[in-house]
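A.B. asks: What shape does this take:
(one chain, ligands or ions: 1)
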Amino acid sequence: MILEKGIGNTIHELILFGREELRQAGIEEAQQECDRILMKFLGCSRTEIYLKKHKLMKTEVKENFLTVLEKRKRRIPLGYLLQEADFWKETLYVNENCLIPRPETEILVENVLQVIRGSKKERFSFLDLGAGSGAIAVAIMNAFEAVYGTLSDISEEALKVATKNLKKYSLTSRAKVVQGDLFEPFSNDEKWDLIVSNPPYLTSWDMKKLQPELTFEPKEALDGGIDGLDFYQKIVSEAKGHLVPGGTVAVEVGQGQADIVSKWFRESGYDNIQLFKDYLQVQRVIMAQRNS
Ligand code: GLN
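C.D. replies: Numbers count the residues shown, from 1 in each chain. The predicted model follows:
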């Protein structure tokens, strides 16, 4: 199908056109992505789109839709184009300065929420190390009232995104945002009930054959060094000193990294080491406790 410039088309025509264009560009979820673009520009739900699919789309909205479609065909991630990403129960603001939150990170959230639920504390504190968009921290703080978060990241720009998300969900009064490399900005006596992190974990090999979308994401949020494990070494050795007795550290790991990272936790004297799988049966999350 060829669309004419400056001429209104029905929503239905644009749906068919958009899907086909995305499919031809090799985008797997063409239908779903096309719907999401339309939902954004028409400001309505998926059902509403289909209910009014025989209506004409304003030429201005059509042009915006086509512009995003062109960019998406160049494999720029949809999250950056729409400046939003769904994660857990939230819709977060994202831009190219932060990693777009992934569904597998929800496994991390699910399990840390259990930890917080099980704690008898009146006031619970956590550190999100390498917070990026703030997805994990926002999910945690939205789930509980008396939970206080520190969000750190080496990237000043990523922290601006996190701050925007904290504001969006009115969480700033319970949050502290700190720029710095891992534990470097914190003094020895700063301790939390929980430390959570989704650090960069791709290997140098992964970094060389990134799927097109990932080349648009910040390298510093993906690159975990030669074997992808650089950050875990530091987290395992330093988290203990920043956890209260009995406190928990929870990390997301890449495929095939769970055995070695959990072994490091064990060898460093952490207790109660637990592994959790993601939807694809990949060992994705490790939790460990500082002995009390
Ligand atoms: N989950 C991302 C990916 O494999 C990587 C995120 C990370 O390095 N923490 O696409």
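A.B. asks: show me where this structure has strands.
C.D. replies: Per DSSP state E, the chain carries strands over the ranges 9-10, 56-57, 84-87, 90-93, 124-129, 147-153, 175-179, 192-197, 243-252, 271-277, 283-289.
A.B. asks: Now the ones you listed in CSV, please, with extra columns for mean pLDDT.
C.D. replies: Listed next are those as CSV, based on pLDDT from 0 to 100:
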stretch, mean pLDDT
strand 9-10, 90
strand 56-57, 90
strand 84-87, 96
strand 90-93, 98
strand 124-129, 98
strand 147-153, 98
strand 175-179, 98
strand 192-197, 98
strand 243-252, 97
strand 271-277, 98
strand 283-289, 98
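A.B. asks: Compare these and give me the one nearest the ligand.
C.D. replies: Of all these, it is strand 243-252 that lies closest to the ligand, at 6.2 Å by CB to the nearest ligand atom. No exception for glycine: its C-beta is placed from N, CA and C like everyone else's.
A.B. asks: check whether stretch 271-286 contacts the ligand.
C.D. replies: No - Stretch 271-286 is not in contact with the ligand by CB under 6 Å from any ligand atom; minimum separation 9.2 Å.
A.B. asks: same check, this time on stretch 211-231
C.D. replies: Yes - Stretch 211-231 lies within reach of the ligand by CB under 6 Å from any ligand atom, at 214, 222.
A.B. asks: and that stretch, what's its mean pLDDT?
C.D. replies: The average of the pLDDT scores along stretch 211-231 is 97.
A.B. asks: Now it: buried residues?
C.D. replies: Applying a neighbour-count criterion of 16 or more other CB atoms under 10 Å, one finds 213-214, 216-218, 221-225, 228-229, 231 buried in stretch 211-231.
A.B. asks: which residues does residue 12 contact?
C.D. replies: Neighbour list for residue 12: 53-54 [criterion: CB atoms under 8 Å, 6 or more residues apart in numbering].
A.B. asks: quick revisit: and the buried residues of stretch 211-231, which is closest to the ligand?
C.D. replies: Taking CB to the nearest ligand atom as the measure, the ligand lies nearest residue 222 of the buried residues of stretch 211-231, at 4.6 Å.
A.B. asks: how close does residue 69 sit to residue 202?
C.D. replies: 29 Å (CB to CB, to the nearest Å).
A.B. asks: Show the model's pLDDT score for the nearest residue to residue 186 once chain neighbours are set aside.
C.D. replies: Counting by CB to CB, 6 or more residues apart in numbering, residue 186 lies nearest to residue 242, which is 6.4 Å off, once chain neighbours are set aside. Predicted confidence (pLDDT) for residue 242: 98.
A.B. asks: neighbours of residue 242, just the number please.
C.D. replies: By other CB atoms under 10 Å, the residues close to residue 242 number 21.
A.B. asks: got a list of what it touches?
C.D. replies: Each residue near residue 242 by CB under 8 Å, 6+ apart is listed here: 127, 183, 186, 190-192, 195.
A.B. asks: Next, work out how far apart it and residue 197 are.
C.D. replies: In terms of CB to CB, residue 242 sits 12 Å off from residue 197.
A.B. asks: about what we covered before: any chance of the contacts of residue 242 in JSON lines, with distance to residue 62 and neighbour count too?
C.D. replies: JSON lines is the format used below for the contacts of residue 242 (distance: CB to CB, whole Å; neighbours: other CB atoms under 10 Å):
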{"residue": "127", "distance to residue 62": "46", "neighbour count": "26"}
{"residue": "183", "distance to residue 62": "51", "neighbour count": "20"}
{"residue": "186", "distance to residue 62": "51", "neighbour count": "19"}
{"residue": "190", "distance to residue 62": "53", "neighbour count": "14"}
{"residue": "191", "distance to residue 62": "55", "neighbour count": "17"}
{"residue": "192", "distance to residue 62": "50", "neighbour count": "23"}
{"residue": "195", "distance to residue 62": "48", "neighbour count": "27"}
